[in-house]
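A.B. asks: here is a sequence with its predicted model. Questions after.
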Amino acid sequence: MENPLTLVEHHFVRNRGGIPKCINPEKYMLEISGKVGKPISITLSELQDPDRFPQKKLAVTLQCCGTQRKEQIDLYPGHGLLVANAPWPEGAIGNAVYTGVFLKDILERACGGITLETTQAHAEFISADTYLKPDKPFNYAVNVPYRFVEKESVMLAWEMDGKVSDCLHIACIVQPSDRRDRLLRSLFQKFMAFRFELWCLV
Amino acid sequence: MVPGVIGAHSAKWLTRINILDEPSWGLVQQMEYLYYSNTQYGKHNTLYSNGFSIERMPVSSAIMKPVDGDIIVHEGSLDLQGWAYSGGENWVENMECSVDGSHTWYPVSEEGLSKKHYYTWRLWKASIPLDAEGWVEVLVRAWDSSCNTQPTNIRSTWKWDLHVVRKGKQCEQEAAC
């Protein structure tokens, strides 16, 4: 209660696919296109140039929407144990300060704005990590209605609590550390395999 | 980073942004993180087109201390700690605790709650009266700035898919005077 910020090492981590190993901060390019005045490709150093885009900090609580799903699994077991669905108890939530630039500023300053009514637009985010559904690989892709961008709350962040390189969890655009990621993933897989064995025994 | 909505919308390792005139056809958007309010019957009858995309989370809260099953020696009061959060631009206004199955609710004092902030949770702590010995079920619930609170029964708000649990959080414990 004294400090409502969650330490980076205590913040929950959730990935849907593999961790991309191909992102090099030196060579990183973000493409912005669709219904914009001018489609662009922009580098990380251009995004981080404070003369081009004002840098902001936002305190944000992120919650996995499956937080506390363990209570459902306990009451109605089966489905939750068969797939690696992150059997969270109460911990799939954390609070951190993120540093980055608002997407709205980038669209206005570098892309000539959007060419749609803001009430009709959606912002789609496509990531480098892959995702299997059911067994075919796709890139992670989600969207939010444009009103979230309009309210200056969608941020392209590269720092979580002031830490850049080790940011496994954050909505960041920089490559995470490999070693820690592998460790976490192998632990998670072992944990899920163990749960599955238990379930088979029952 | 998209504050106020579930973590799934904060995509990591972002390489492309498209402004579209319709929602993304991405499979994560179309087939995952959907809420089936009244349209899914039984565990395996999911029709993706019946779900809607989960964006803001409902108000929720949890007891982090003590943990389920703890044995506590007490002298008439019980110390609790936890978090409370509400999605969108809502914040948590009040927390309440009950040790008698939701008949009586003890409010958490304002000093017992961390500061309000857009897009963030509030941590809370409370010391509530407890006259029982033996097995006690502790319930907590949060109220947010849109007057929403949590239902007491887990089954009343969930339609099989394992997303969005929002009932008042339970914590069972043995208490001994």
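C.D. replies: That came in fine, so what should we check first?
A.B. asks: what's the closest non-adjacent residue to the closest residue to chain A within chain B?
C.D. replies: Nearest residue of chain B to chain A: B:Gly26, at 2.7 Å (C-beta to the nearest C-beta). Where you see a C-beta, it was placed from the backbone N, CA and C, and this is true even at glycine. Once flanking residues are discounted, B:Gly26 sits nearest to A:Ala141: 2.7 Å by C-beta to C-beta, 6 or more residues apart in numbering or on different chains.
A.B. asks: lowest-confidence helix or strand of chain A?
C.D. replies: In chain A, no helix or strand scores lower on mean pLDDT, DSSP states H and E than helix A:178-201, which sits at a mean of 44.
A.B. asks: so where's chain A shaky on pLDDT?
C.D. replies: The model of chain A has pLDDT under 70 over residues A:1, A:22, A:76-85, A:164-202.
A.B. asks: what segments of it are helices?
C.D. replies: With DSSP state H as the criterion, chain A has helices at A:44-47, A:69-75, A:79-82, A:103-110, A:146-150, A:178-201.
A.B. asks: can you tell me if the fourth one touches chain B.
C.D. replies: It refers to helix A:103-110. Yes. Contact of helix A:103-110 with chain B (C-beta under 8 Å from any C-beta of the partner chain) involves A:Leu103, A:Leu107.
A.B. asks: hmm, who's touching that helix?
C.D. replies: If you take C-beta atoms under 8 Å, 6 or more residues apart in numbering or on different chains as the criterion, helix A:103-110 is touched by A:32, A:36, A:38, A:40, A:42, A:47, A:52-54, A:113-114, A:123, A:149-150, A:152, A:154-156, B:17, B:19.
A.B. asks: among these, which ones are buried?
C.D. replies: The neighbour count (16 or more other C-beta atoms under 10 Å in any protein chain shown) marks A:32, A:36, A:40, A:42, A:47, A:53, A:114, A:123, A:149-150, A:154-156, B:17, B:19 as buried among the contacts of helix A:103-110.
A.B. asks: mind checking which of those residues are in strands?
C.D. replies: A:Ile32, A:Ile40, A:Ile42, A:Ala123, A:Met155, A:Leu156, B:Ile17, B:Ile19 (DSSP state E).
A.B. asks: reformat these into JSON lines and put distance to A:Glu90 next to each item.
C.D. replies: Shown next, in JSON lines, are those (distance: C-beta to C-beta, whole Å):
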{"residue": "A:Ile32", "distance to A:Glu90": "37"}
{"residue": "A:Ile40", "distance to A:Glu90": "42"}
{"residue": "A:Ile42", "distance to A:Glu90": "39"}
{"residue": "A:Ala123", "distance to A:Glu90": "31"}
{"residue": "A:Met155", "distance to A:Glu90": "26"}
{"residue": "A:Leu156", "distance to A:Glu90": "30"}
{"residue": "B:Ile17", "distance to A:Glu90": "33"}
{"residue": "B:Ile19", "distance to A:Glu90": "37"}
